[in-house]
Every structure is written in structure tokens, then in C-alpha cells.
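Peer 1: Got a sequence here, can you model it:
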Amino acid sequence: MLRKGNVTGDLKIGRKDDPLDRVEKRSAVAELLARDSSMEVTRHEIEAGRHIWLYASDEWSGFEFVYILKGTISLEGTGDDPVELGPGDYLYHHGLPEKEYFRAETDIEILLISNAPSFHLMRNELEGMMSLVVSVDEKDPLTEGHCTRIERLAIQTGERFGLLGQALIDLSYAAYLHDIGKVRVPDEILGKEDLLTDEEWEEMKQHPDYGAEILRAKDFLGGAAEIVKAHHERFDGSGYPRGLKGEGIPIGARIIAVVDTYDAITSARPYQAAQAKEEAIKELKQGAGTQFDPRVVQAFIDVIGGEGEE
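Peer 2: Sure thing, here's the model as predicted:
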């Protein structure tokens, strides 16, 4: 038995509330528990419905051992014979030819043992993401809950639509950060209660381009940047900034357009009361084929348990 006085300099004891390092996003937590010159041990908590991945060897090459402590994850792309892992199950690799993606079927907790350094990759991505989130929240405090809801519903709709892997990861980032470009819109325009002038509206219409430019500065957000750039395009081609039409609009942007509209209608704002779910569904159906992709509208209605096609 170890006694406090017998602990030597070679023996390290870690307390659960005192990791070496920690990074947190609202839906995920990563903690660095132990590290030496060649190995890292990290613990991760991830909410149900989120998607995670193991890097391909061209992004990070090393050994990784993943042990499931709690919950269930499933390997994407395994068709009619899904691979699910639960508590006590594990997986490991020493370099992958391409990324492998997993879905958290429940809230999960995993232990990751890997060649150092790997924690910094996760930390850089999460901190990069959260720095952008903070800038949006500071600009418009109303966006915090809005962005979280948009991300969750967009992922569910994307899954319903059959998206997998990187397409869902890009959609998740884009949904959460779709309004990031508004940080470059002047406050007097963004917060104006009266109708915008033509010049002010033209400035407001630049925010998808601003958002895409901000996201492209981070390599892992390149796919999300293209979605954000197009999230105000309309299915009939009358949207902005490029007037894209139909399937020429990235599917992620078509999904965000529907989810964003639904959330705006059903959420209370200083200038409007929240409307009922049924009213929002009615507006989405009315906009199907003009503002929205009809297939996305139906997939979204299926997700929220609304009425089907009449």
C-alpha cells in the first residue's frame, strides 16, 4: 500500500479533478491525464449524437489505443452490419490510410493512449473553434443558444439525408459558425431596429463571404467555409451572394437554410414572439421549391416529428 511519505519522484499520482491539461467545447471535453516523451493518455467525454474521428496517417502518424469507458459508439459506413463498441471494448491502429468516423450513440467516455504529440491537435481544433464562438457571442449574445440548436438539428437532418464522415463534420462546424461573418458587420447595421437602407443591406449581405474568409484561415474549417458562404442561397437561385440554384448549392448550406429558418420562427426575439412548431412547418412547406430544397424540408420535418407530406 502506498503511503503519502513513500511516494517518490518517479511515481506520479493524478487526481480526477486535476488533469495536466484540459480543453472543452459545449459538446465535448478532452483532458490530458499523463504524458512522457513518447506517449500521451487522454480522457474524452462526448455528447450523444456527435461524430468523432481518428486521423489518417497523412495528417498524424502514430499509434492509438481507444478504450470505451462508458456509452456506445458505432463505426460509420458499415451498412447493414454496423460495428458498435461499448464499455470494455477497444480499438487500436498504427496509421490509417484514411480517416475513420464514429458516431456517439449515447453520451460516451473514452480513454485514448497514443504516441505524443496528439493532444495538441485536438486542443488546437477545439480552441480554434471556441475562439470563433466567443467572438460571435460577444457580437450578438442571442446567437449562443441559437447556434447550439442549429448544430444539433443540422447534424440530425444530415444523418437523415444520408450524409456520413467528413460531410457531417463540416456540416457541424458550419452550422455552429454560420453567422461568424457578422463579426465584421458594423454594430450600427447589425443592431438597427428600423429597416436597413439599400447600402446597409448590401453590407449585411456580405456576411456569408466574411464568414467563409474567417473560417478558411483554419485548415480544418475549409469544408465548413464553403457551406457558410452559401447558407443564404435560395433553391430557386434568388439568394445571395452568388445566386446559386438547386443542387448547385452545397447540401450543407441547403440544410442550414431550413434549420436556421425553423429556429428563427420558433424562438423568442426582442422584436417578435416565438411561433408554434406547426406554424414554422407550414412556412417551410410554403417555401419548399423556392427558398428551400423540398427534400431537405421533408427530411427536417421527419427529424422533428412534424407532419409529413400532404
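Peer 1: Can you show me the helices along the stretch 1-150 of the chain?
Peer 2: Under the criterion DSSP state H, counting those that start in this stretch, helices of the stretch 1-150 of the chain are mapped to 119-139, 143-161.
Peer 1: tally of neighbours for the nearest residue to Tyr262 once chain neighbours are set aside?
Peer 2: Using Cβ to Cβ, 6 or more residues apart in numbering and skipping residues adjacent in sequence, the residue nearest Tyr262 is Ala280, 5.0 Å away. From N, CA and C alone the C-beta is placed, and that goes for glycine too. Neighbourhood size, Ala280 [other Cβ atoms under 10 Å]: 21.
Peer 1: Same question for Asp17.
Peer 2: 5.
Peer 1: what do you get for the one 4 residues further on?
Peer 2: Neighbourhood size, Asp21 [other Cβ under 10 Å]: 14.
Peer 1: try His51
Peer 2: 23.
Peer 1: Tyr90 versus that one, what's the distance?
Peer 2: Distance of His51 to Tyr90, given as Cβ to Cβ, to the nearest Å: 19 Å.
Peer 1: Quick check, Ser118 in contact with Phe63.
Peer 2: No - using Cβ atoms under 8 Å as the test, Ser118 is too far from Phe63 to be in contact (9.7 Å).
Peer 1: These two: which has the busier surroundings?
Peer 2: Ser118 (20 against 14).
Peer 1: Could you pull out the strands in the chain for me?
Peer 2: For the chain, the strands defined by DSSP state E occupy 21-25, 28-35, 40-46, 51-54, 63-70, 73-75, 83-85, 90-94, 100-104, 108-114.
Peer 1: Now tabulate those in JSON lines and tack on mean pLDDT and distance to Lys182.
Peer 2: Output for the strands of the chain, formatted as JSON lines (pLDDT from 0 to 100; distance: least, Cβ to Cβ, whole Å):
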{"stretch": "strand 21-25", "mean pLDDT": "80", "distance to Lys182": "21"}
{"stretch": "strand 28-35", "mean pLDDT": "89", "distance to Lys182": "25"}
{"stretch": "strand 40-46", "mean pLDDT": "94", "distance to Lys182": "29"}
{"stretch": "strand 51-54", "mean pLDDT": "90", "distance to Lys182": "26"}
{"stretch": "strand 63-70", "mean pLDDT": "95", "distance to Lys182": "38"}
{"stretch": "strand 73-75", "mean pLDDT": "96", "distance to Lys182": "35"}
{"stretch": "strand 83-85", "mean pLDDT": "94", "distance to Lys182": "40"}
{"stretch": "strand 90-94", "mean pLDDT": "94", "distance to Lys182": "41"}
{"stretch": "strand 100-104", "mean pLDDT": "94", "distance to Lys182": "30"}
{"stretch": "strand 108-114", "mean pLDDT": "96", "distance to Lys182": "33"}
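Peer 1: For Glu125, grab the count of nearby residues.
Peer 2: If we define neighbours as other Cβ under 10 Å, then Glu125 has 18 of them.
Peer 1: correction: Met122
Peer 2: When counting by other Cβ under 10 Å, one arrives at 18 neighbours for Met122.
Peer 1: quick one: pLDDT of it?
Peer 2: We have a pLDDT of 75 for Met122.
Peer 1: wait, what's in contact with it?
Peer 2: Taking Cβ atoms under 8 Å, 6 or more residues apart in numbering, we find Met122 in contact with Val23, Ala30, Thr42.
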